[in-house]
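Peer 1: Give me a model of this one.
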Amino acid sequence: MQSTSGDDALIRLKGALNEFVERLRIALGDELVSVVLFGGAARGRFDPAVSDANVMLVLRSVTTELLDRLSTASEPFRRMFKLSLLTVTESDLPDSVEVFPTKFLDIQRFHETLWGKDVTTAFEVPRDRLQRHAMRQLMNLHLRLRQVYLEARNRPEQLDSMIRRSVSTLLLQLGILIELKTGKACESVEDVLAAAGSANLDRANIAEFIEFKYGRHDVAPDALPAFYGAFMREVEAVMRLGAVR
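Peer 2: Okay, here's the model as predicted:
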């Protein structure tokens with residue numbers, strides 16, 4: 001459940017986004033087709049200390065001159081929040097949905113159109129690609145976790161950051177794999193946790209990683225390597241779940 005401080009942060013974010021949209025309309029004019037909020041904030045979860053403000057901008061075309069205008073318009077907002085911009089054209093969308101099906105399925109299900117038309121209604125997410133893409137994302141995460149550990153095992157702040165950045169990827173791909181197996185979509189973190197328990201995954205461990213991401217579970221610096229190892233093992237367990245047909 002969103003805390004009061006989280007509610008306040010979300011209200012501040014929405015107010016800043018309204019101003020951001022107006023700046024975009026002035027800077028981009030007719031080139032701007034749609035502004036879409038997605039990610040945790042679109043689900044009602046936002047902690048400015050750890051969360052990105054994920055915004056998809058749909059444009060008629062993309063040029064360096066247009067990107068310059070976009071960069072200038074976004075500078076004040078970047079000073080307030082961690083802004084993550086996904087910039088696509090209308091013609092990019094069909095291929096983007098096919099190449100990144102899990103990401104765009106998530107956007108389609110959980111988004112808020114801040115301005116313009118709701119482009120997500122036209123998404124046709126190929127279900128046959130979801131399994132392969134989810135497994136590819138997990139394998140990529142699996143390999144990056146090893147790489148970061150090799151480079152930073154004695155730098156706890158980097159291990160801390162890597163875990164926090166990776167929890168959302170793990171949850172998204174786990175939710176997709178569970179849906180493919182059960183036919184039931186996981187529409188919330190609570191749904192994912194409940195389904196994880198039913199799939200013989202360690203629900204308590206996954207819940208602990210979520211608490212850690214949002215700063216509600218502390219891990220001492222000298223205990224971070226072991227905690228990082230537990231996270232790596234959970235990623236492996238989810239991969240095994242996806243490998244079972």
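Peer 1: now stretch 40-57, how far from the centre of its chain.
Peer 2: Between the mean C-alpha point of stretch 40-57 and the mean C-alpha point of its chain there is a distance of 8 Å (CA atoms, centre = their mean, to the nearest Å).
Peer 1: Name the residues of it that are buried.
Peer 2: Within stretch 40-57, the residues scored as buried using 16 or more other CB atoms under 10 Å are 40-43, 45-48, 50-57. Bear in mind the C-beta positions are built from the backbone N, C-alpha and C, glycine included.
Peer 1: Rounded mean pLDDT for that stretch, please.
Peer 2: Mean per-residue pLDDT for stretch 40-57: 90.
Peer 1: What are the contacting residues of it?
Peer 2: Residues outside stretch 40-57 that contact it (CB atoms under 8 Å, 6 or more residues apart in numbering) are 2, 6, 9-10, 13, 17, 20, 24, 32, 34-39, 70, 77, 81-88, 107, 110-112, 114, 164, 168, 188-189, 213-215.
Peer 1: Which residues does the strand or helix carrying R23 contact?
Peer 2: Applying DSSP states H and E as the criterion places R23 in helix 4-28. When contacts are defined by CB under 8 Å, 6+ apart, helix 4-28 is touched by residues 2, 32, 35, 37, 41, 44-48, 53, 55, 57, 59, 66, 69-70, 72-74, 76-77, 80-81, 114-115.
Peer 1: Mind checking which of the buried residues of stretch 40-57 land in helices?
Peer 2: Residues from these lying in helices, with DSSP state H as the criterion: none.
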